[in-house]
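Asks: sequence first, then the predicted structure:
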Amino acid sequence: MPELPEVETIRRGIAPYLEGQRVNRVIIRERRLRWPISDNLDVRLSGQRILSVERRAKYLLLRAEVGTLINHLGMSGSLRLIESGLPAKRHDHVDIELESGLALRYTDPRRFGALLWSQAPLEHELLRNLGPEPLTDAFAGQRLFELSRGRSVAVKPFIMDNTVVVGVGNIYASEVLFTAGIDPRRSAGNISKTRYSRLAGEIKRILANAIECGGTTLCDFIGGDGQPGYFQQELFVYGRGGEFCKACGGTLREIRLGQRTSVYCPHCQR
């Protein structure tokens with residue numbers, strides 16, 4: 001599943017081609033996504049000008065003159081800018097054709113993504129209870145420390161909770177815990193304020209770095225410009241169970257934690 005840096009990379013890639021453009025028409029070939037595409041989406045969006053392309057957590061928000069299209073890529077969704085009229089392939093479910101002659105094509109082999117219309121997107125049930133964005137001043141170690149008091153849950157699933165902070169998925173949770181030197185199994189409530197301050201700093205640093213690198217190339221992800229991300233070469237632990245630790249040379253250990261595979265270094269993380 002694309003994580004926050006991948007979604008932000010896509011936003012940056014498509015925004016210059018969408019913002020200010022009027023939608024000529026919307027072609028919907030398959031409505032059966034995670035939630036069915038509404039019958040009147042093409043009518044609501046056609047003829048409107050796209051004012052901005054924004055992101056909230058892993059959701060893309062295409063703000064039009066009247067209403068907003070909320071997009072989530074799910075497990076395998078992708079967005080491409082193509083020439084209008086390009087023949088569709090099997091999993092090309094939606095085209096948003098623009099007055100410029102380009103079209104934004106949504107492709108989703110597994111159909112776990114979503115295209116939802118909303119008049120108040122930040123109040124939508126999928127978005128209204130989300131925590132702060134990690135790269136803003138609203139997120140800091142103090143928040144992690146306060147929310148973790150009395151919590152026995154392991155720290156890794158704790159920082160992956162979107163009501164705590166958005167955008168720290170499995171890949172980046174593994175990486176930030178390694179660079180912060182924290183064992184992913186450690187109880188969230190037993191971590192000091194000082195260590196949470198360092199952890200918050202690493203979340204900001206690594207996510208910002210991943211965005212600049214264009215995201216992480218894993219399985220299905222390709223950026224909005226058609227190019228793969230290349231943060232994967234920077235990974236210290238994710239997907240490297242049984243390999244050597246780049247910091248100490250020891251062997252990385254792979255475990256199951258919160259129904260996810262986790263890799264950590266028993267020597268570097270405590």
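Replies: Received the coordinates, thanks. Numbers count the residues shown, from 1 in each chain.

Asks: distance of residue 39 from residue 179?
Replies: 48 Å (C-beta to C-beta, to the nearest Å). Quick note: C-beta positions are derived from backbone N, CA and C, even for glycine.

Asks: compare these two (neighbour count), which wins?
Replies: Shown here are residue 39 and residue 179; by other C-beta atoms under 10 Å, residue 179 has more neighbours (19 against 9).

Asks: list the contacts for that one?
Replies: The contact partners of residue 179, by C-beta atoms under 8 Å, 6 or more residues apart in numbering, come to 202, 205-206, 236.

Asks: could you pull up the residues touching residue 150?
Replies: By C-beta under 8 Å, 6+ apart, residue 150 lies in contact with residue 189.

Asks: buried stuff in stretch 115-125?
Replies: 115-118, 121, 124 (16 or more other C-beta atoms under 10 Å).

Asks: got it, and stretch 38-48?
Replies: 41-42, 44-45, 48.

Asks: of those, which belong to helices?
Replies: Within these, residues falling in helices by DSSP state H are 41-42, 44-45.

Asks: quick one: which of those is nearest residue 111?
Replies: When these are compared for distance to residue 111 (C-beta to C-beta), residue 41 wins out at 15.8 Å.

Asks: so how far is residue 239 from the residue nearest to the closest one when sequence neighbours are not counted?
Replies: Using C-beta to C-beta, 6 or more residues apart in numbering and skipping residues adjacent in sequence, the residue nearest residue 41 is residue 117, 5.5 Å away. With distances taken as C-beta to C-beta, residue 117 is found 37 Å from residue 239.

Asks: pick out the most distant pair among the ones in helices among the buried residues of stretch 38-48.
Replies: Taking every pair in those and measuring C-beta to C-beta, the maximum separation is 7.4 Å, between 42 and 44.

Asks: mind listing the helices for the stretch 51-200 of the chain?
Replies: 141-148, 155-159, 170-180, 193-213 (DSSP state H, counting those that start in this stretch).

Asks: of all these, which one is nearest residue 99?
Replies: Distance to residue 99, taken as C-beta to C-beta, is lowest for helix 193-213 among the helices of the stretch 51-200 of the chain, at 29.7 Å.

Asks: run a quick neighbour tally on residue 86.
Replies: With other C-beta under 10 Å as criterion, residue 86 counts 12.

Asks: again with residue 140
Replies: Other residues close to residue 140 by other C-beta under 10 Å number 18.

Asks: quick check: closest non-adjacent residue to it.
Replies: Residue 140 sits nearest to residue 200 (C-beta to C-beta, 6+ apart), 5.4 Å away.

Asks: list the residues that contact that neighbour.
Replies: 139-141, 143-144.

Asks: and the gap between it and residue 91?
Replies: Distance of residue 200 to residue 91, computed by C-beta to C-beta: 39 Å.
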